[in-house]
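K.L.:
sharing a model that was predicted from the sequence below.
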Amino acid sequence: MHPRALHAARIALGSIVLIGGINGFVRIVPVPEPPHPFVELLIESGFIYAVKTVELLAAALLLLDRRRPLALALLWPIVVNIALFHLLLDPRAGINAVVLLGLLGALTWHERRAFAPLFAEGRDPRALCLPRARVSVDATPR
């Protein structure tokens, strides 16, 4: 990915998530009315505030260009739940979920080496991250 495209995707995703996180505490962007019963349940239980706090943390990490893999790892479960909510329950803002998935997928693909140890089956995870050292093997038995 071109560095400018990467920068634009990072800023776009960080900005969208930041606005969404702030909007969970203070309404700055109008939301569809009436809210879906599932959203009402999230608000009444207070669970939405925990999710919005994680969104704000991940957005800050992205916008400050710090710990990108951590920010992406924090966002994946949230964005997948947003996408499933709009796909299965309330398709009013489904395009937003597609945009979020696209940006998150592109940034994760760029950072794929950071996630490689998660998918290393039966190998030493450190071997994927560290350069291989040359080891000389002595052929004579001791």
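P.N.:
The structure has been received and is ready for your questions.
K.L.:
where do the helices sit along the chain?
P.N.:
3-23, 37-45, 47-63, 68-88, 94-110, 112-115, 126-129 (DSSP state H).
K.L.:
for this protein, which helix or strand comes out least confident on mean pLDDT?
P.N.:
Between all helices and strands in the chain, the lowest mean by mean pLDDT, DSSP states H and E belongs to helix 126-129, at a mean of 58.
K.L.:
give me the mean pLDDT for stretch 71-86.
P.N.:
Summarised as a single mean, pLDDT over stretch 71-86 is 94.
K.L.:
using PDB, write out every CA atom in that stretch.
P.N.:
Presented in PDB, the C-alpha positions along stretch 71-86 are these (Å, rounded to 0.1, in the frame of the first residue of the first chain):
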ATOM      1  CA  ALA A  71      -5.600  -0.300  17.800                       C
ATOM      2  CA  LEU A  72      -6.600  -2.600  14.900                       C
ATOM      3  CA  ALA A  73      -6.900  -5.600  17.300                       C
ATOM      4  CA  LEU A  74      -9.200  -3.500  19.500                       C
ATOM      5  CA  LEU A  75     -11.400  -2.500  16.600                       C
ATOM      6  CA  TRP A  76     -11.900  -5.800  14.900                       C
ATOM      7  CA  PRO A  77     -14.500  -7.200  17.300                       C
ATOM      8  CA  ILE A  78     -16.400  -3.900  17.400                       C
ATOM      9  CA  VAL A  79     -16.500  -3.400  13.700                       C
ATOM     10  CA  VAL A  80     -17.500  -7.000  13.000                       C
ATOM     11  CA  ASN A  81     -20.400  -6.500  15.500                       C
ATOM     12  CA  ILE A  82     -21.400  -3.200  13.800                       C
ATOM     13  CA  ALA A  83     -21.300  -5.000  10.400                       C
ATOM     14  CA  LEU A  84     -23.400  -7.900  11.700                       C
ATOM     15  CA  PHE A  85     -25.900  -5.600  13.400                       C
ATOM     16  CA  HIS A  86     -26.400  -3.600  10.200                       C
END
